[in-house]
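Engineer: how would this look folded up:
(one chain, ligands or ions: 1)
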Amino acid sequence: MTSILILNGPNLNLLGTRQPEVYGATTLEDIEQMCASAAARLQLEVTCAQSNHEGNLIDLIHAAKGTYAGIVLNAGAYTHTSIALMDAIASVELPVIEVHLSNIHARESFRHHSYIAPVALGQICGLGAQGYVLALEALAQRLSPS
Ligand code: DQA
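Structural biologist: The predicted structure follows:
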């Protein structure tokens, strides 16, 4: 079965209590459960991981090569700062879909730029937790054998 890594970056472990006016009441556990249900429907296998540390995220992306067929990545604030994450994604040559709960383009100008976007297959933002499910649907379609 096709395996997908769902990778969440810094501060996303605090979803549910973190700035609910921006990110809503959904917890990371809720999102991971939504992804597991979507995966079952799409005949995908998903593994979820979260780290607050840039180097750990890079290690997880490196380790994904050969194990996963694609990555759904919400890199949190590293999206806007990390050339190292961009390089890691480019190095593993896996399809990555960038997801953000909030519409980063409607927020502060420093959130408008993404280092991930140029090396991602696509970007989904502003749709809350549904963005993760849409990303899985897109990967399922891209990676299906037919
Ligand atoms: C975020 C948007 C980022 O700008 C922010 O730093 C986050 C969350 C989102 O999911 O909307 O941590 O990636």
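Engineer: any idea which helix or strand comes after the helix or strand bottoming out on mean pLDDT in the chain?
Structural biologist: Counting by mean pLDDT, DSSP states H and E, the chain has its least confident helix or strand at helix 20-23, which shows a mean of 92. Under the assignment DSSP states H and E, the closest C-terminal helix or strand after helix 20-23 is helix 28-42.
Engineer: which secondary structure elements does that next one contact?
Structural biologist: For helix 28-42, the elements it packs on are strand 2-8, strand 44-50, helix 130-143, judged by 3 or more CB pairs under 8 Å, 6 or more residues apart in numbering; DSSP states H and E. Every C-beta, even on glycine, is put in place using the N, C-alpha and C of the backbone.
Engineer: Highest mean neighbour count across those, which stretch is it?
Structural biologist: strand 2-8 (a mean of 22; mean count of other CB atoms under 10 Å).
Engineer: thinking again about what came up before, any chance of the helices and strands packed on helix 28-42 in CSV, plus mean pLDDT?
Structural biologist: Below are the helices and strands packed on helix 28-42 laid out as CSV (pLDDT from 0 to 100):
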stretch, mean pLDDT
strand 2-8, 98
strand 44-50, 98
helix 130-143, 97
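Engineer: Can I get these in CSV including distance to the ligand?
Structural biologist: Formatted as CSV, the helices and strands packed on helix 28-42 follow (distance: least, CB to the nearest ligand atom, whole Å):
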stretch, distance to the ligand
strand 2-8, 9
strand 44-50, 11
helix 130-143, 8
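Engineer: Nearest to residue 84, out of those?
Structural biologist: Closest of the helices and strands packed on helix 28-42 to residue 84 is strand 2-8, at 14.5 Å (criterion: CB to CB).
Engineer: Could you tell me the angle between the closest one and helix 28-42?
Structural biologist: Per axes from the mean of the first three to the mean of the last three CA atoms, to 10 degrees, the angle that strand 2-8 makes with helix 28-42 is 160 degrees.
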